[in-house]
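[1] Sequence and predicted structure are below.
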Amino acid sequence: MAPTPVNDLTPAGNLGPATALVCRECGHRRELGAFYACEECFGPLEIEYDFGGLTRADIESGPANIWRYRGLLPVPANVADTPNTEPGLTRLVRADNLAEALGLQRLWVKDDSGNPTHSFKDRVVAVALAAARELGFKVLACPSTGNLANAVAAAAARAGIRSAVFVPSNLEQQKIITTAVYGGTFVTVDGNYDDVNRLASEIAGEQEDWAFVNVNVRPYYAEGSKTLGYEIAEQLGWRLPDQIVVPVASGSQLTKIDKAFQELIKLGFVEDKPYRVFGAQAEGCGPVSAAFKAGHDVVRPVKPDTIAKSLAIGNPADGPYVLDVVRRTGGAVEDVTDAQVVDGIRLLARTEGIFGETAGGVTVSVLKKLIDDGRLDPSAETVIINSGDGLKTLDAVSPVVAPSANIAPSLAAFRAAGLA
């Protein structure tokens, strides 16, 4: 059928430059609202925009958080005035020591452990919360592998609304505690993430005023990941890197970073140049990596079994779109073992003083594997994402790190230990 003209669609609430929802599969357009699946083909929906006369100066004069990009997001122009956790503008660290260890010429680490709840999830939740308010929802909810649980509970507490969070019961204890501390309704479920996600979808069908950020308001939530791409470009002096390595769970972070780069090119904010996008998964949950290696367009679900629990989504919603991006840009999707994940965490900490969670370990070790295999250009400027704080996944490294020695409180004991 012919696409619906955008001008015929009536926006819901004040969602800034957002103009419509469009199906990623068939292109069918519909009005903005709490919709996430196409009414024609059941494909996923995403946001379409009219950015008007936005300039780089408009962005640079904005607040020191993601709301400097509010003119590129489905949020009201005054979004910064409402209570929120103000995530974003995290460090882009020049990683010369890690680059030397791996044989790269220029490497940067986008360190998103600096967000309010110490992961990139604060970005997507902030955008979802702003949209949910405009769409009339009263409760902020989610199924989660941990980091999202932290972010939803904290954002709801800050906004003064109820939260309802559902996680697998075998989650890292650190993520259980750092969700429970914010109050709200917090439920552990005996099952993996995909079981929890199915339960959340059923609950969302019954609770009309609950905004499950990654279910019924997913099109808005996912747009928050674009801010990672915007920040990387702005922090590099309004230019794109040659290569970027992104951890893959649902796959949304990778596809939205690519969307951000494309938007900046179309707006003329950065030079239109080739860049390559690489995805990183754990071997114990690598359905997208397996599909890439097999040359498939369809991602076959798997049962997760890895220490990288924040990436343990066996049926990733954006998996096929990750394949599209990496193939279009000349990248790849690779996976590493749990032992390599731990090695990656330790290498990043030892060389750059950045303690990443298991997802960061996955990314660093996939970077190393791609270099060793000759699939990533060591002379090209490269960015990797550290999406969370290692304090959330202490169990991963606690068996393999320890003090250099335990000594008596005397200079003689120190000398005897041979540590000078």
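    Arrived safely, thanks for sending. Residues are numbered from 1 along each chain as shown.
[2] all strands of the protein, in order?
    Ranges of strands within the chain are 18-23, 29-30, 45-49, 91-94, 107-111, 139-143, 162-168, 185-189, 210-212, 243-247, 276-282, 333-336, 382-386, based on DSSP state E.
[3] Identify all contacting residues around stretch 209-216.
    34, 36, 124-125, 128-129, 132, 135-144, 148, 152, 164, 197, 200-201, 203-204, 217, 221, 250 (Cβ atoms under 8 Å, 6 or more residues apart in numbering). Where you see a C-beta, it was placed from the backbone N, CA and C, and this is true even at glycine.
[4] The spatially most central residue of the chain - nearest residue in space that isn't next to it in sequence?
    With distances taken as Cα atoms, centre = their mean, Gln253 lies nearest the centre of the chain, 4.2 Å away. Excluding the flanking residues, the one nearest Gln253 by Cβ to Cβ, 6 or more residues apart in numbering is Ser225, at 4.6 Å.
[5] ok, the one you found touching Phe120?
    Yes. The pair Ser225 and Phe120 qualifies as a contact (Cβ atoms under 8 Å) at a distance of 7.2 Å.
[6] ok, the two, which is more surrounded?
    Comparing Ser225 with Phe120 by other Cβ atoms under 10 Å, the one with more neighbours is Phe120, at 29 against 23.
[7] which residues touch the nearest residue to Thr179 once chain neighbours are set aside?
    Nearest non-adjacent residue to Thr179, counting by Cβ to Cβ, 6+ apart: Ala149, 4.2 Å away. By Cβ under 8 Å, 6+ apart, Ala149 lies in contact with 142, 165, 167, 171, 175, 179, 186.
[8] For Ser387, state which of these is nearest.
    Lys175 (13.4 Å; Cβ to Cβ).
[9] Tell me who's in contact with the closest one.
    Going by Cβ under 8 Å, 6+ apart, Lys175 touches 146-147, 149-150, 167, 392.
[10] Now for Tyr221, how many residues are close by?
    Neighbour tally, Tyr221, other Cβ under 10 Å: 29.
[11] Could you pull up the residues touching it?
    Contacts of Tyr221 (Cβ under 8 Å, 6+ apart): 124-125, 127-128, 131, 213-214.
[12] so how far is stretch 24-40 from its chain's centroid?
    23 Å (Cα atoms, centre = their mean, to the nearest Å).
[13] Only the C-alpha atoms, please, for it, written as CSV.
    Output of stretch 24-40 as CSV, limited to C-alpha atoms (Å, rounded to 0.1, in the frame of the first residue of the first chain):
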residue,chain,number,x,y,z
ARG,A,24,11.6,-0.8,9.4
GLU,A,25,10.4,-3.6,7.2
CYS,A,26,7.6,-2.3,4.9
GLY,A,27,7.9,1.5,5.4
HIS,A,28,4.3,2.0,6.5
ARG,A,29,3.9,5.2,8.5
ARG,A,30,1.5,5.9,11.4
GLU,A,31,1.0,8.5,14.0
LEU,A,32,3.2,8.9,17.1
GLY,A,33,1.9,6.9,20.1
ALA,A,34,2.6,3.9,22.3
PHE,A,35,3.0,1.6,19.3
TYR,A,36,6.0,-0.7,18.7
ALA,A,37,4.9,-3.1,15.9
CYS,A,38,3.7,-2.3,12.4
GLU,A,39,-0.1,-2.8,12.0
GLU,A,40,0.5,-4.0,8.4
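[14] now that stretch: mean pLDDT?
    Averaging pLDDT along stretch 24-40 gives 95.
[15] go on, stretch 158-166?
    97.
[16] If you count neighbours, what's buried in it?
    158-159, 161-166 (16 or more other Cβ atoms under 10 Å).
[17] What's the ChimeraX line that selects buried ones from the contacts of stretch 209-216?
    To isolate the buried ones among those in ChimeraX, judged by 16+ other Cβ under 10 Å, type:
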select :34,36,124,125,128,129,132,135,137,139,140,141,142,143,144,148,152,164,197,200,203,204,217,221,250
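[18] Can you tell me which of the buried residues of stretch 158-166 lies closest to Phe51?
    Ala159 (26.8 Å).
[19] Check the gap between that closest one and Pro17 for me.
    Plainly put, Ala159 is 23 Å away from Pro17 if you go by Cβ to Cβ, to the nearest Å.
[20] Need the pLDDT of the closest residue to Ala349 other than its chain neighbours.
    Leaving aside its chain neighbours, Ala349 sits nearest to Phe355 (5.0 Å; criterion: Cβ to Cβ, 6+ apart). If you check Phe355, the pLDDT there is 98.
[21] And Phe355, how close does it get to Asn115?
    15 Å.
[22] Show me which of those two is the more surrounded one.
    Set side by side, Phe355 and Asn115 show more neighbours around Asn115, with 29 against 20, by other Cβ under 10 Å.
[23] between Ser225 and Phe120, what contacts are shared?
    The contact sets of Ser225 and Phe120 overlap at Gln253 (Cβ under 8 Å, 6+ apart).
[24] Low-confidence bits of this structure, can you list those?
    1-12 (pLDDT under 70).
[25] 50 - rerun?
    1-8, 10 (pLDDT under 50).
[26] Which parts of it belong to which domain?
    The record's domain parsing of the chain by the TED database lists 92-118+220-396, 120-218.
[27] can you give me the end-to-end distance of the shortest one?
    With Cα to Cα, to the nearest Å as the measure, the first residue of domain 120-218 is 16 Å from its last.
[28] what about that domain, distance to the chain center?
    15 Å.
[29] One more: the longest one?
    Here the centre of mass of C-alpha atoms in domain 92-118+220-396, compared against the chain's by Cα atoms, centre = their mean, lies 9 Å away.
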